[in-house]
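Enquirer: give me coordinates for this.
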Amino acid sequence: MNVAGKVFIITGGASGLGAATATHLHAQGARVVMLDMNQALGLALQQQLGANSQFCAVDVTDEAQVAAFFQQLEQDYGQLNGLINCAGIAPSAKVFGRKGLHELAMFQKVLNINVSGTFNMLRFATALMSKYERQAGEEERGVIVNTASVAAYDGQIGQVAYAASKGAIVSMTLPLARELSQYAIRVMTIAPGIMETPMLKGMPQNVQDALGEMVPFPPRLAKPEEFAQLVTQICENAYLNGEVIRLDGAIRMAAK
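Expert: Got it, this is the predicted structure:
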């Protein structure tokens with residue numbers, strides 16, 4: 001897919017991986033729509049990017065909000081070619097520890113945002129993508145890129161809810177790709193390692209350095225721009241489908 005002129009939705013698009021992805025796709029000529037709950041950051045990014053960018057405050061877990069958003073999107077743009085799901089949360093809690101039992105509500109919240117939110121977005125996106133009339137020489141109508149984590153494979157102590165949610169994203173990849181192939185829509189997943197997100201950048205420098213040294217090569221935190229580059233490469237390579245790519249510098253997480 002040539003991303004220039006195509007329409008992309010990026011959830012969690014106001015900061016971190018989502019903001020980097022929106023910025024990179026926009027620089028390649030794509031029209032980007034950022035979804036997030038943080039209006040201040042989202043509107044600031046929209047102002048920074050300028051034309052061919054839009055921010056919408058949408059709760060990805062709310063069926064009515066998402067349905068209304070897609071209805072408006074179709075009226076405004078008439079098409080959709082890509083969905084990049086970056087929205088998610090990553091709380092840490094032990095199943096049983098000094099603070100007592102892991103709260104069931106927290107476990108459910110993680111699954112609701114990370115899994116149900118992803119699914120809610122992609123089902124509506126599929127319906128709109130399927131209407132796209134391919135131009136001469138185009139093989140596909142659209143592409144969906146979901147975000148998992150290396151925690152899906154080697155989750156650490158305290159990550160049981162997060163690992164479960166990201167494991168679900170990994171497991172959804174192939175059946176989604178198989179099902180949506182009839183509509184010429186591809187589905188891929190990226191499993192990032194230790195990313196240089198705003199949360200990590202807020203840690204003391206010695207902590208950041210220690211985390212970076214855990215990575216075999218290059219021994220540093222991954223940059224959000226590297227995630228964004230991979231998203232764009234996935235969009236551009238039509239033969240990438242139904243697979244999970246670890247973006248982790250060969251790290252394999254220890255138990256803690």
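
Enquirer: a helix runs through V231, doesn't it?
Expert: Yes: assigned with DSSP: H, G, I helix; E, B strand; the rest coil, V231 falls within a helix.

Enquirer: what sits against it?
Expert: Neighbouring residues of V231 by CB atoms under 8 Å, 6 or more residues apart in numbering: T21, H24, L25, I84, V145, I190. C-beta here means a position set from N, CA and C on the backbone, and glycine is covered the same way.

Enquirer: same check, this time on I190
Expert: For I190, the contact set (CB under 8 Å, 6+ apart) comprises V145, N146, T147, A148, F227, L230, V231, I234, V244, I245, L247.

Enquirer: which SSE is it in?
Expert: Assessed by DSSP states H and E, I190 sits inside strand 185-192.

Enquirer: name the residues that touch the next helix or strand after that strand?
Expert: Later in the chain than strand 185-192, the nearest helix or strand by DSSP H and E is helix 198-201. Contacts of helix 198-201 with the rest of the structure, by CB under 8 Å, 6+ apart, involve S15, G16, I194, Q208, L211, L221.

Enquirer: which of those residues fall in helices?
Expert: G16, Q208, L211 (DSSP state H).

Enquirer: among those residues, who's most crowded?
Expert: Compared across those, G16 has the highest neighbour count, 23 neighbours, by other CB atoms under 10 Å.

Enquirer: not counting its neighbours along the chain, what's nearest it?
Expert: Distances taken as CB to CB, 6 or more residues apart in numbering put T197 closest to G16, at 4.6 Å, once the chain neighbours are dropped.

Enquirer: correct me, but that neighbour touches K223?
Expert: No: T197 is beyond contact range of K223, at 10.0 Å (criterion: CB atoms under 8 Å).

Enquirer: between those two, tell me which one has more neighbours.
Expert: T197 (18 against 12).

Enquirer: would you map the helices across the chain?
Expert: For the chain, the helices defined by DSSP H occupy 16-27, 39-49, 63-77, 104-111, 117-129, 151-154, 160-180, 198-201, 205-213, 224-236.

Enquirer: now those in CSV, with mean pLDDT and distance to K94?
Expert: Formatted as CSV, the helices of the chain follow (pLDDT from 0 to 100; distance: least, CB to CB, whole Å):
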stretch, mean pLDDT, distance to K94
helix 16-27, 98, 25
helix 39-49, 98, 31
helix 63-77, 98, 32
helix 104-111, 97, 12
helix 117-129, 98, 25
helix 151-154, 96, 15
helix 160-180, 98, 8
helix 198-201, 73, 20
helix 205-213, 82, 20
helix 224-236, 98, 29
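
Enquirer: contact partners for the residue nearest the centre of the chain?
Expert: The centroid of the chain falls nearest to C86 when counting by CA atoms, centre = their mean (2.3 Å). Applying CB under 8 Å, 6+ apart to C86 gives the contacts I10, T11, G12, G13, G16, L17, G18, T21, T147.

Enquirer: now with 6 Å, please.
Expert: T11, G12, L17, G18, T147 (CB atoms under 6 Å, 6 or more residues apart in numbering).

Enquirer: got those as JSON lines, with neighbour count and distance to Q135 columns?
Expert: Converted to JSON lines, these look like this (neighbours: other CB atoms under 10 Å; distance: CB to CB, whole Å):
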{"residue": "T11", "neighbour count": "27", "distance to Q135": "26"}
{"residue": "G12", "neighbour count": "26", "distance to Q135": "30"}
{"residue": "L17", "neighbour count": "27", "distance to Q135": "30"}
{"residue": "G18", "neighbour count": "28", "distance to Q135": "28"}
{"residue": "T147", "neighbour count": "25", "distance to Q135": "29"}
